[in-house]
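# Curious how this folds, go ahead:
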Amino acid sequence: RKMFRLLQPTSRLGLAQLRSQHTRVSALAGGKSFVFSTGQLANQADGATVVTCGGTSVLVAAVSEFRPFYSADMIPLKVEYREKAAAVNIIPRTFFRRDNYMPSDREVLCGRMLDRAIRPLFPPGYLYTTQVFCSLMEADGVHNPDILAINAASAALAVSDVPWHGPVGCVRIGLCDGKLTVNPTVCEMASSKLDLVVAGSEHGLVMLDVGAQEVDKAVLCEGLELAREAVRPLLDAQLELRQKCGRDLRDAKLLVPSQAVANMARVQCKADVDAVFADHSHTKRSRLLALAAIEDMVMESLVVQFPHDSRFTLESAIEGIFRDSMREAIMRTNTRSDGRGLAHLRPVSAQVDCFPSLHGSCVFNRGETQVVVAVTLDSLEAGKRPTEIERAVAGATDKAFLVDYDFPQYSTNSIVSAMKQVQSRRETGHGWLIERAVEPVLPPAYPFAVRASAEVTSSHGSSSMASICGVTLALLDASVPLRSPVAGVSCGLVGSLDAQGATSLNDYCIVVDPTGMEDRYGDADLKCAGTPSGITACQLDVKTRGVPVSIVAEMINQAWEGQAHAHRDIASALPVGRPRPKPNAPVSDLMAIPTSARSAVIGKGGATIRELTLLHKTSITLQDDGDARIFAPNQDALTRTKAALAALIAQSASSGFGGGGGG
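I've put the predicted structure just below:
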């Protein structure tokens, strides 16, 4: 296979010429200089680019196979993002002093963001395995490399021979001292109330990722307009780079149904499919069974009529009918397959304290989507600490609020051949979205680490937004004093189809709280969460070459209106939070430790304090201000620990000296 790849026609320029041609272009975005260079590194790849801003550089190499992957049901794109210790002049603290092969959460999240930015611009039917590998070469701790990685990936694909409809430009918008700022530094972002990452093509926005401190939707929309203007120089620089040294596009056959196959499939099943989507009494399961029966019937006929076409293209033709039928029904009637109007949310039900022995719990249902949430309180030491690399690269800090999102296969009535060993990248991304949405309303000096575990037990669309509502209710059930409840709502975008069957956004509908099928066959999905005072998190994923800012702003407004309904649903399920923690909830308190008694409390080599923690099953942390923070599983253990500490303090005072020393 390697020899097969090398024998393919590579480019307008030979490999020897490519090695010697080092091309650089630059662009200004937000007052920062972005330098794009190619031709010096990774010349065996189909496309490779280094992007530098200040003292931060990212290398991206893109490689695409020449043989299609017929088993794929979507573009087989693999994105890897790695931050190595050498980039920040650190020797890894692992046993063998090597970089970890298992990616960190930050690397996964950056890779997902990059994937979401470039995936929409691959042509339909391009089922050739493509890998985009991003490596942080150097970091100055001033410029966050995630933005550079997205621009570098776009440039690498733009100069390659891969048929990709880029480029894409990406910027970050912050809200520093009440002013929107393009590409703020890591230090400036530490005090920013908005973290808005926007990727855009010549056709509009292709990716949006937002974390905010209850920012008004008008400010967010203003940030989108600013970002749209800021990406223009980055797009121009990549177009210039491609003009100077881009390779001729390869002749890759797109695996799409022929017009004859598509027409025959339409003749044989369009009316039956229309009837399925017009029947509003269907559940998710019954509708899928009805569509599967139609697909089996039509496949028997198409296999006979088109014996030389692959099964994949025949199935794609039938699924295209499903897609067109659902979209046409929405555009024609403004009514969805479950009978709802465009702006109507599905019915909601919720139950808190469903598992009484947990610190907090909730079962949240929205339509056929169901999420079970469990909240656990623990000591602050149980929180998550970033690695040295994460601190050096992006200024990461300790986290006392954690969210795990779990999406088991049974939630979609499917089976996996082997149980998963690690969390999927999608689960990591959704957990991070929920975390960003809820964290701004937590009390700033809460004495506990909090972990929320959201398990999707039934999925029919918008499971991450249902999880946000469920996490809010579970936290209130655990007596966590939230400043305000957080609710999440998704919005889908459905555009009209032109004569060739391609999406056109000249005419479109926005659907609030989309089902799984509306998400699958729609053109964009916007997830938005916040409080009644403002937005705390938002994500946009698209399937077209770009969505205009005006339409994205309209989707944000629709999601904001949907959130008002969701907040009423939360209030009806639990009008006020639990006034006092449950009897089995942990407790925490501060106790003053005189300086003269600290060595007696610690004991020789820490023996005394370790004995206390093991005896009473507590956690004792001596703080710099002279206090000891005590975490205990219950009030009785806290009382006994404080009594033991008081006895040590009294013994130290009576003896007149500090005792055995702190070791």
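
# per-residue pLDDT, residue 189?
Model confidence at residue 189, given as pLDDT, is 95.

# quick one: contacts for the residue lying closest to it once chain neighbours are set aside?
Sequence neighbours aside, residue 174 is the residue nearest to residue 189 in space, at 5.5 Å (criterion: CB to CB, 6 or more residues apart in numbering). The way it works is simple: take the backbone N, C-alpha and C, and place the C-beta from them, glycine included. Residues near residue 174 by CB atoms under 8 Å, 6 or more residues apart in numbering: 180-181, 184, 188-189, 192, 194-196.

# in the sheet, who's paired with residue 174?
In this entry, residue 174 is beta-bridged to residue 181, residue 195, by DSSP bridges.

# Distance-wise, check it relative to residue 144.
Counting by CB to CB, to the nearest Å, the gap from residue 174 to residue 144 is 11 Å.

# Same check on residue 646?
Taking CB to CB, one finds residue 646 at 48 Å from residue 144.

# Look at these two and report which has more neighbours.
Legend: neighbour count by other CB atoms under 10 Å for residue 646 and residue 144, higher for residue 144 (23 against 12).

# Work out for me the element residue 51 sits within.
Here residue 51, judged by DSSP states H and E, is contained in strand 47-53.

# May I have the following helix or strand past that strand exported as CSV, CA atoms only?
Proceeding N to C from strand 47-53, the next assigned helix or strand is strand 56-64, under DSSP H and E. Extracted in CSV, the C-alpha atoms of strand 56-64 (Å, rounded to 0.1, in the frame of the first residue of the first chain):
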residue,chain,number,x,y,z
THR,A,56,4.3,29.6,19.3
SER,A,57,4.5,27.3,16.2
VAL,A,58,2.4,24.4,15.1
LEU,A,59,3.2,21.9,12.4
VAL,A,60,0.3,20.2,10.6
ALA,A,61,0.7,17.4,8.1
ALA,A,62,-2.2,16.0,6.0
VAL,A,63,-2.2,12.6,4.2
SER,A,64,-5.1,11.0,2.3
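
# Make 242 the first number, not 1, from now on.
I'll keep to 242 as the first residue from here, and by that count the last item is strand 297-305.

# after strand 297-305 comes which helix or strand?
strand 318-324.

# In this structure residue 483 contacts residue 408, no?
Yes - using CB atoms under 8 Å, residue 483 makes contact with residue 408 at a distance of 7.4 Å.

# Mutual contacts of these two, please.
residue 399.

# Which one's more surrounded, these two?
residue 408 (27 against 20).

# The nearest residue to the more buried one once chain neighbours are set aside: neighbour count?
Leaving out its chain neighbours, the residue that sits closest to residue 408 by CB to CB, 6+ apart is residue 479, at 3.8 Å. Per other CB under 10 Å, the neighbour tally for residue 479 reads 29.

# Make sure I have this right: residue 479 is in a strand.
No - per DSSP: H, G, I helix; E, B strand; the rest coil, residue 479 lies outside any strand segment and is helix.

# correct me, but it touches residue 275?
No - with contacts counted by CB under 8 Å, residue 479 stays clear of residue 275, the gap being 9.9 Å.

# any residues in contact with both of those two?
Jointly contacting residue 479 and residue 275 under the rule CB under 8 Å, 6+ apart are residue 392.

# Does residue 318 touch residue 363 like I think?
Yes - between residue 318 and residue 363 there is a contact under CB under 8 Å: 7.0 Å.

# need the contact list for the nearest residue to residue 405 once chain neighbours are set aside.
Leaving aside its chain neighbours, residue 405 sits nearest to residue 398 (4.5 Å; criterion: CB to CB, 6+ apart). Counting by CB under 8 Å, 6+ apart, residue 398 touches 288, 303, 359, 373, 405, 407-408.

# now residue 700
Contacts for residue 700 (CB under 8 Å, 6+ apart) come out as 610, 648, 652-653, 757.

# Look up phi and psi at it.
The phi and psi torsions at residue 700 (degrees, to the nearest 10) take the values phi -120, psi 130.

# Which residue, other than its chain neighbours, is closest to it?
The nearest residue in space to residue 700 (CB to CB, 6+ apart) is residue 652, at 4.3 Å.

# and that neighbour, helix, strand or coil?
Under three-state DSSP, residue 652 comes out as helix.

# Could you give the number of residues near it?
Neighbours of residue 652 under the rule other CB under 10 Å: 18.

# how far away is it from residue 297?
From residue 652 to residue 297 the distance is 40 Å (CB to CB).

# swap in residue 888?
For residue 888, the distance to residue 297 equals 55 Å [CB to CB].

# From start to finish, how long is stretch 466-482 in a straight line?
Using CA to CA, to the nearest Å, one end of stretch 466-482 lies 26 Å from the other.

# ok, now stretch 623-635?
One end of stretch 623-635 sits 22 Å from the other (CA to CA).

# center of the protein - which residue?
In the chain, the residue lying closest to the centroid (CA atoms, centre = their mean) is residue 670, at 3.2 Å.

# Do I have it right that it meets residue 353?
Yes - using CB under 8 Å, residue 670 is in contact with residue 353, at 4.7 Å.

# which strand residues sit across from residue 625 in the sheet?
According to DSSP bridges, beta-bridge pairing links residue 625 with residue 640.

# For it, give its distance to residue 771.
Distance from residue 625 to residue 771, by CB to CB: 24 Å.

# Please apply the same query to residue 530.
Separation of residue 530 from residue 771 (CB to CB) stands at 37 Å.

# okay, those two: which has more neighbours?
residue 771 (30 against 13).

# Which residues are in contact with that one?
Taking CB under 8 Å, 6+ apart, we find residue 771 in contact with 453, 455, 678, 727-728, 777-778, 801, 804.

# Among those residues, which pair sits farthest apart?
453 and 728 (14.8 Å; CB to CB).

# Neighbours of residue 317, how many?
Residue 317: 18 neighbours (other CB under 10 Å).

# Could you find the closest non-adjacent residue to it?
Residue 317 sits nearest to residue 370 (CB to CB, 6+ apart), 4.4 Å away.

# Surely that neighbour is in contact with residue 319?
Yes - contact criterion CB under 8 Å: residue 370 and residue 319 qualify, at 7.1 Å.

# Please enumerate the strands of the stretch 742-891 of the chain.
For the stretch 742-891 of the chain, the strands defined by DSSP state E, counting those that start in this stretch occupy 744-753, 765-772, 775-783, 828-833, 860-863, 868-873.

# The ones you listed: which one's closest to residue 591?
Of all those, strand 765-772 sits nearest to residue 591, with 16.3 Å by CB to CB.

# between that closest one and strand 775-783, how many degrees?
Put simply, strand 765-772 runs at 170 degrees to strand 775-783, going by axes from the mean of the first three to the mean of the last three CA atoms, to 10 degrees.

# CA atoms of strand 765-772 as CSV?
Written as CSV, here are the backbone C-alpha positions of strand 765-772 (Å, rounded to 0.1, in the frame of the first residue of the first chain):
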residue,chain,number,x,y,z
ALA,A,765,-26.3,22.7,11.0
ASP,A,766,-26.7,22.1,14.7
LEU,A,767,-26.4,24.9,17.3
LYS,A,768,-26.2,24.0,21.0
CYS,A,769,-26.8,26.9,23.4
ALA,A,770,-26.9,26.9,27.2
GLY,A,771,-27.3,29.7,29.8
THR,A,772,-29.2,31.3,32.6
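
# That one - which strands sit beside it in the sheet, and in what orientation?
When pairing is defined by DSSP bridges, strand 765-772 lines up against strand 728-738 (antiparallel), strand 775-783 (antiparallel).

# end-to-end on stretch 579-598?
Stretch 579-598: ends 38 Å apart by CA to CA.

# Stretch 579-593 too?
Start-to-end, stretch 579-593 (CA to CA) is 28 Å.

# Pull out the buried residues from it.
579, 581, 583, 585-587, 589, 591, 593 (16 or more other CB atoms under 10 Å).

# Reformat these as CSV; add pLDDT and distance to residue 834.
Below are the buried residues of stretch 579-593 laid out as CSV (pLDDT from 0 to 100; distance: CB to CB, whole Å):
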residue, pLDDT, distance to residue 834
579, 94, 62
581, 96, 61
583, 96, 62
585, 96, 59
586, 96, 53
587, 96, 55
589, 95, 49
591, 96, 44
593, 95, 39
